[in-house]
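Enquirer: Sequence first, then the predicted structure:
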Amino acid sequence: MHPAAPDSRLAPGGARLARRIGPLCVAPIGLGCMNLSHAYGAPPPVEQAERLLLQAVDAGVNLFDTAALYGFGDNETLVGRVLKPHRQQITLASKGGMAGQRQDGVMKRVIDGRPEAIQRNCEDSLRRLGTDVIDLYYLHRWDKRVPIEDSVGAMARLVEAGKVRALGLSEVSAATLRRAHAVHPIAAVQTEYSLWTRNPEIAVLDACREIGAALVAFSPLARAFLTGKLLSIDALDAKDLRRTMPRFAAPAYAANLALLPGMAAVAAEADCSLAQAALAWLLARGAHVVPIPGTTQAAHLRENVAAAEVSLSADQLARMDAAVNRFKVSGPRYSPATQAEIDTEEFVD
Ligand SMILES: NC(=O)c1ccc[n+]([C@@H]2O[C@H](COP(=O)([O-])OP(=O)(O)OC[C@H]3O[C@@H](n4cnc5c(N)ncnc54)[C@H](OP(=O)(O)O)[C@@H]3O)[C@@H](O)[C@H]2O)c1
């Protein structure tokens, strides 16, 4: 178990529903900030991104997730600047070990888990975030050329130096998690988890529960698929990441869309949106699960936050399980090249 006592960073009225991440207590739904700077085509205008972050604070969100990678630093700069007046009330999470590097005049994404790279990434993140300490610092990807013990050892030294409060890992297997946890308590594993990506159910969900870590669920809305609003990828920006993902390609995406009516029936019965049903399903998977949906839209933000109030019966949860699951979803989640970079357990059917 994580040794430190929880602090009181609770959303207004959120105490009943608060979830624990190592020494931190957070509202049940966090905010993924990535798409304010990166990933799904052109980012929104900066004024919209600034407003969204402040609207999130007003809505009771107190876990904000960024990374050195997002916008090659721009996202940390944005999040740090806008949330500075609220710094004491929020949990700021960022990630290193994968960042932008200029190569031949072009910025490239580079995974580098060597201790010196992690130290440098963290210093850069602190500067961009405009803070003395990052509450939750993740290794964004395990660099398989570097023993996990060495990367986590460097992160442990950041804790000792007071630059980081708690440690996390992203997209790792249960075996890697246990090795890392033997070096320093791991407060959270951030990995993709949603109705259509069940990999954590192989081992990581249980391993997190066992060691007292949170499972921070990224892409909890399946990058918009589970909202029922993304009916085709034809209109997406040429640079939208989803264009590289097999599940969004034709004909897999059409087959996947055909799964949504089963889920929509449950959402209608529960008087909530599909997005809310998808988030409520995740919250019901364990008290240690913390979804971090990303959005650029205030209306979506409010809708997502309100999912914490949606309660689904055991029968409704089972019907959602049956509607969208690994046996029914078409296509792998990543391209082979991206898949090779991660360490998570995968179902073999
Ligand atoms: N550790 C990692 O390797 C990793 C990888 C990916 C993501 N992440 C983290 O996870 C966070 C969230 O993941 P994500 O952004 O990839 O996926 P997501 O949260 O599953 O989905 C985001 C997409 O859904 C749309 N959306 C959100 N709420 C909606 C609603 N209520 N109704 C309709 N559409 C809605 C958003 O568009 P609008 O802007 O129009 O709302 C956006 O296109 C990221 O911000 C990042 O912090 C981490």
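Expert: Good, I have the coordinates.

Enquirer: Find the nearest non-adjacent residue to whatever residue of the chain ends up closest to the ligand, please.
Expert: Nearest residue of the chain to the ligand: residue 32, at 2.1 Å (C-beta to the nearest ligand atom). Glycine gets a C-beta too; all of them are placed from N, C-alpha and C. Spatial nearest neighbour of residue 32, chain neighbours left out: residue 294 (3.5 Å); criterion: C-beta to C-beta, 6 or more residues apart in numbering.

Enquirer: Show the contacting residues for the residue of the chain closest to the ligand.
Expert: 65, 218, 219, 292, 293, 294 (C-beta atoms under 8 Å, 6 or more residues apart in numbering).

Enquirer: Then residue 335?
Expert: 244, 245, 246.

Enquirer: any idea how far it lies from residue 46?
Expert: 31 Å (C-beta to C-beta, to the nearest Å).

Enquirer: sorry, back to before: now the residue nearest to residue 32, what are its backbone angles?
Expert: Dihedral pair for residue 294: phi -110, psi 140, per degrees, to the nearest 10.

Enquirer: still on that earlier bit, may I see the contacts of residue 335 organised as a markdown table, with secondary structure, pLDDT and neighbour count added?
Expert: Shown next, in a markdown table, are the contacts of residue 335 (DSSP: H, G, I helix; E, B strand; the rest coil; pLDDT from 0 to 100; neighbours: other C-beta atoms under 10 Å):
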| residue | secondary structure | pLDDT | neighbour count |
| --- | --- | --- | --- |
| 244 | helix | 93 | 13 |
| 245 | coil | 95 | 20 |
| 246 | helix | 96 | 15 |
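
Enquirer: Format the residues you listed as JSON lines; extra columns: distance to residue 174.
Expert: Output for these, formatted as JSON lines (distance: C-beta to C-beta, whole Å):
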{"residue": "244", "distance to residue 174": "27"}
{"residue": "245", "distance to residue 174": "24"}
{"residue": "246", "distance to residue 174": "25"}
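
Enquirer: Out of those, the closest to residue 56 would be?
Expert: Checking these against residue 56 with C-beta to C-beta, the nearest one is residue 245 at 26.0 Å.

Enquirer: Wait, that closest one touches residue 333, no?
Expert: Yes - using C-beta atoms under 8 Å, residue 245 is in contact with residue 333, at 6.7 Å.

Enquirer: For stretch 302-313, output the C-alpha coordinates as CSV.
Expert: Output of stretch 302-313 as CSV, limited to C-alpha atoms (Å, rounded to 0.1, in the frame of the first residue of the first chain):
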residue,chain,number,x,y,z
ARG,A,302,-20.3,19.2,-18.0
GLU,A,303,-21.9,16.0,-19.4
ASN,A,304,-18.8,14.0,-18.5
VAL,A,305,-18.4,15.4,-15.0
ALA,A,306,-22.1,14.6,-14.3
ALA,A,307,-21.5,10.9,-15.2
ALA,A,308,-20.3,10.5,-11.6
GLU,A,309,-23.9,10.9,-10.5
VAL,A,310,-25.2,8.2,-12.9
SER,A,311,-25.9,5.0,-11.2
LEU,A,312,-26.4,1.8,-13.3
SER,A,313,-28.0,-1.4,-11.9
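
Enquirer: which other residues reach it?
Expert: 14, 17, 27-29, 55-56, 59-61, 221, 266, 270, 272-273, 275-281, 283-284, 293, 295, 320.

Enquirer: Also within reach of the ligand: list those from those residues.
Expert: 221, 275, 293, 295 (C-beta under 6 Å from any ligand atom).

Enquirer: Number of residues surrounding the residue nearest to the last one when sequence neighbours are not counted?
Expert: Meaning residue 295. The shortest distance from residue 295 to any non-neighbouring residue, by C-beta to C-beta, 6+ apart, is to residue 301 (5.2 Å). Applying other C-beta atoms under 10 Å, we find 22 residues neighbouring residue 301.

Enquirer: touching the ligand at all, the helix or strand residue 301 falls within?
Expert: Using DSSP states H and E, residue 301 sits within helix 298-305. Yes - residues of helix 298-305 contacting the ligand under C-beta under 6 Å from any ligand atom: 300, 303, 304.

Enquirer: Surely residue 172 and residue 341 touch.
Expert: No - in this structure, residue 172 is not within contact of residue 341 by C-beta under 8 Å, at 11.7 Å.
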